[in-house]
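Chemist: Predicted structure and sequence below. I'll ask about it afterward.
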Amino acid sequence: MSYLQISYGSICCGTPSTKPVTDYIKKFEKSNHLKAFEVLKQGGLGREGEFNLYIGIDRLGKKKKSTFIKGLQSAIASQNKKRKQDSDGTVNFDPAATVYKSDLSNIKNLTIYKK
């Protein structure tokens, strides 16, 4: 199983909301008539609640995967652009980085994320 990793970091006052990302995922699922994506959360990465989300992408064909990633990048870029520069945390996403199930098997604090 392959996953995309999204990291939520903090500057001073906690992490940003997952709402823009989860809203995009739900919209993509609905418009493409897909079953729900597997989304995992790795918590406990910092004192201010930093965490990672991992989104399972194996069920997507090459074209849908590309479309999904572009939309995800857009949602994250928009969220980062709207944040308060001196207090709101950032959302980081590298579309070229793929995480595999074997990589996740050794990670602590990994749970199924309820959207």
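Modeler: Everything's here; your move. Residues are numbered from 1 along each chain as shown.
Chemist: drop to CA atoms for contacts and neighbour counts, all remaining ones
Modeler: Fine.
Chemist: Residue 90 reaches residue 80, doesn't it?
Modeler: Yes. The pair residue 90 / residue 80 is scored as a contact, 6.0 Å apart, by C-alpha atoms under 8 Å.
Chemist: Can you pull the poorly scored residue ranges out of the chain?
Modeler: Across the chain, the ranges flagged by pLDDT under 70 are 87, 114-115.
Chemist: picking up where we left off before, compare neighbour counts for residue 90 and residue 80 and give me the winner.
Modeler: The neighbour comparison of residue 90 against residue 80 (other C-alpha atoms under 10 Å) goes to residue 90, with 24 against 17.
Chemist: Now do the phi/psi pair for that one.
Modeler: phi -120, psi 160 (degrees, to the nearest 10).
Chemist: Not counting sequence-adjacent ones, nearest residue to it?
Modeler: residue 9 (5.2 Å; C-alpha to C-alpha, 6 or more residues apart in numbering).
Chemist: Hmm, the one you found is touching residue 47, no?
Modeler: No. Taking contacts as C-alpha under 8 Å, residue 9 lies outside contact range of residue 47: 10.5 Å.
Chemist: Of these two, which one has the most company?
Modeler: Ranked by neighbour count (other C-alpha under 10 Å), residue 9 and residue 47 place residue 9 first, with 21 against 8.
Chemist: Show the contacting residues for that one.
Modeler: Going by C-alpha atoms under 8 Å, 6 or more residues apart in numbering, residue 9 touches 15-16, 50-51, 89-92.
Chemist: Can you tell me how far it is from residue 31?
Modeler: 30 Å (C-alpha to C-alpha, to the nearest Å).
Chemist: secondary structure class for residue 35?
Modeler: coil (DSSP: H, G, I helix; E, B strand; the rest coil).
Chemist: Is there a neighbour count for the nearest residue to it once chain neighbours are set aside? I'd like the number.
Modeler: Nearest non-adjacent residue to residue 35, counting by C-alpha to C-alpha, 6+ apart: residue 29, 6.6 Å away. Using other C-alpha under 10 Å, residue 29 has 15 neighbouring residues.
Chemist: I appreciate the help and will end here.
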